[in-house]
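Peer 1: Need coordinates for the below:
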Amino acid sequence: MSILLAFFGAASQGLVWGVMALGVYITFKILDFADMTCDGSFALGGCVSATLIVAGVDPLLSLIIATCAGALAGAVTGLLHTKLQIPAILSGILTMISLYSINLAIMGGKSNTPIMTRTSGIDTIITNIIKLFPENIQTARNTKTAITIVVGLFTILLIIGLLYWFFGTELGSALRATGNNEAMIRALGVSTDNMKILGLLIGNALVGMSGALVAQTQEVADIGAGTGAIVIGLASIVIGEVIFGNKLNFAFKLLSVVIGSIIYRIIIAVVLQMGLNTSYLKLLTAVIVAFALSIPVIFKPRKKKEGN
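Peer 2: Numbers count the residues shown, from 1 in each chain. Predicted coordinates for the structure are as follows:
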């Protein structure tokens, strides 16, 4: 039973973290940009959302503002790279480092901001929905997890639908072409600088939204919440690609990233149930990513020798 409950909780977390994985997919896979900003923009989304909620702002409005804050962080990285000619990976690192101090300032110099829903009457998106149900359902053990799954699933489907529509437009196609062949799209008269800034803006907007959702589900925002977020996002992408391959249409590729996020969370939950020390989670994540990336090489069919 404990393992089933762990699966249930892992699925809920996989969905809200899946929003972040979609943002990483846009920058790394579509735009082909090694963006390190997301470690900072993920924490930024959580810090902004939690601080606003504690200040009395509606949790849904705080989610929108956190998304905009993540988009702004991505735009800064894009401007550093395109206008100041700073290398892509260094641009992201500079923004990520800067966001650490900015996040501390947002939370008033504190390393975390708890959202006391039970004692202070403050609500999140999750608790607002829970209050719509009868009291016996509100107090049930797994109600919060079930509502988190519903909210996460609705958010994921909405985002995938919007992304599928956007990348089918002329602007979205130009963005995808920038990642595929920058020289070609520039020859067609498209500003690749603007496309890079747009891609980073969209990707980090989703990362910031995920950070806000995680903060509201866990009822706390922490300055270190985004540490290793980029690796988790890559793990989700790689797991999805290994399981489903690359021969899918764009919508199913996006969906495979989210499924990869859920599978990653389930793997972590199972290993924790087996007694792994939480100090080794980052090492486990690195091993999972390395193994998933090496699967095509490990299981690559050997060529038959000539003459056989």
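
Peer 1: make it CA atoms for all contacts and neighbour counts henceforth
Peer 2: Fine.

Peer 1: my guess is residue 60 meets residue 125, correct?
Peer 2: Yes. Here residue 60 reaches residue 125: they are 6.3 Å apart, a contact under Cα atoms under 8 Å.

Peer 1: In terms of neighbours, single out the busier of those two.
Peer 2: residue 125 (19 against 16; other Cα atoms under 10 Å).

Peer 1: how about the helices in the chain?
Peer 2: Using DSSP state H, the helices of the chain run over residues 2-25, 38-54, 59-82, 88-106, 125-130, 135-138, 143-166, 170-180, 182-187, 192-218, 229-244, 250-273, 281-298.

Peer 1: Against which helices or strands is the helix or strand of the chain with the lowest mean pLDDT packed?
Peer 2: Ranked by mean pLDDT, DSSP states H and E, the weakest helix or strand in the chain is helix 281-298, scoring a mean of 79. Contact here means 3 or more Cα pairs under 8 Å, 6 or more residues apart in numbering; DSSP states H and E; on that basis helix 281-298 packs against helix 229-244.

Peer 1: same for the helix it packs on, what does it pack against?
Peer 2: Using 3+ Cα pairs under 8 Å, 6+ apart: helix 229-244 touches helix 2-25, helix 38-54, helix 250-273, helix 281-298.

Peer 1: Mean neighbour count and distance to residue 76 added to the ones you listed, as TSV?
Peer 2: Below are the helices and strands packed on helix 229-244 laid out as TSV (neighbours: other Cα atoms under 10 Å; distance: least, Cα to Cα, whole Å):
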stretch	mean neighbour count	distance to residue 76
helix 2-25	24	16
helix 38-54	30	11
helix 250-273	21	25
helix 281-298	14	28
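
Peer 1: Make JSON lines out of those and add distance to residue 222.
Peer 2: Below are the helices and strands packed on helix 229-244 laid out as JSON lines (distance: least, Cα to Cα, whole Å):
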{"stretch": "helix 2-25", "distance to residue 222": "15"}
{"stretch": "helix 38-54", "distance to residue 222": "7"}
{"stretch": "helix 250-273", "distance to residue 222": "20"}
{"stretch": "helix 281-298", "distance to residue 222": "17"}
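
Peer 1: Tell me if I'm right that residue 71 and residue 203 touch.
Peer 2: Yes. Counting by Cα under 8 Å, residue 203 is a contact partner of residue 71 at 7.5 Å.

Peer 1: Who has more neighbours out of those two?
Peer 2: residue 203 (29 against 26).

Peer 1: residues touching that one, list them.
Peer 2: By Cα atoms under 8 Å, 6 or more residues apart in numbering, the residues touching residue 203 are 22, 23, 24, 25, 26, 27, 71, 74.

Peer 1: Recalculate using a threshold of 6 Å.
Peer 2: 23, 26, 27 (Cα atoms under 6 Å, 6 or more residues apart in numbering).

Peer 1: chain center to stretch 107-115: distance?
Peer 2: 21 Å (Cα atoms, centre = their mean, to the nearest Å).

Peer 1: any residues touching that stretch, and which ones?
Peer 2: Contacts for stretch 107-115 (Cα under 6 Å, 6+ apart): 219, 220, 221, 222, 223.

Peer 1: If we use 7 Å, what do you get?
Peer 2: By Cα atoms under 7 Å, 6 or more residues apart in numbering, the surrounding residues in contact with stretch 107-115 are 47, 50, 51, 54, 104, 219, 220, 221, 222, 223.

Peer 1: Among the residues you listed, which pair sits farthest apart?
Peer 2: Spanning the widest gap among the contacts of stretch 107-115 are 104 and 219, at 17.6 Å by Cα to Cα.

Peer 1: where does the stretch 101-250 of the chain have low pLDDT?
Peer 2: 117-120 (pLDDT under 70).

Peer 1: Am I right that residue 43 is in contact with residue 228?
Peer 2: No. In this structure residue 43 lies outside contact range of residue 228 using Cα atoms under 7 Å: 10.9 Å.

Peer 1: Wait, residue 62 touches residue 52, no?
Peer 2: Yes. With contacts counted by Cα under 7 Å, residue 62 reaches residue 52, the gap being 6.0 Å.

Peer 1: And residue 50, how far from residue 215?
Peer 2: 7 Å (Cα to Cα, to the nearest Å).

Peer 1: hang on, I meant residue 258
Peer 2: 19 Å.

Peer 1: do the same with residue 156
Peer 2: 17 Å.

Peer 1: Compare the two (neighbour count), which wins?
Peer 2: residue 215 (26 against 20).

Peer 1: one step back: output the helices of the chain in TSV; the columns should cover distance to residue 116.
Peer 2: What follows is these, written out as TSV (distance: least, Cα to Cα, whole Å):
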stretch	distance to residue 116
helix 2-25	20
helix 38-54	8
helix 59-82	13
helix 88-106	18
helix 125-130	11
helix 135-138	17
helix 143-166	15
helix 170-180	41
helix 182-187	48
helix 192-218	11
helix 229-244	25
helix 250-273	26
helix 281-298	27
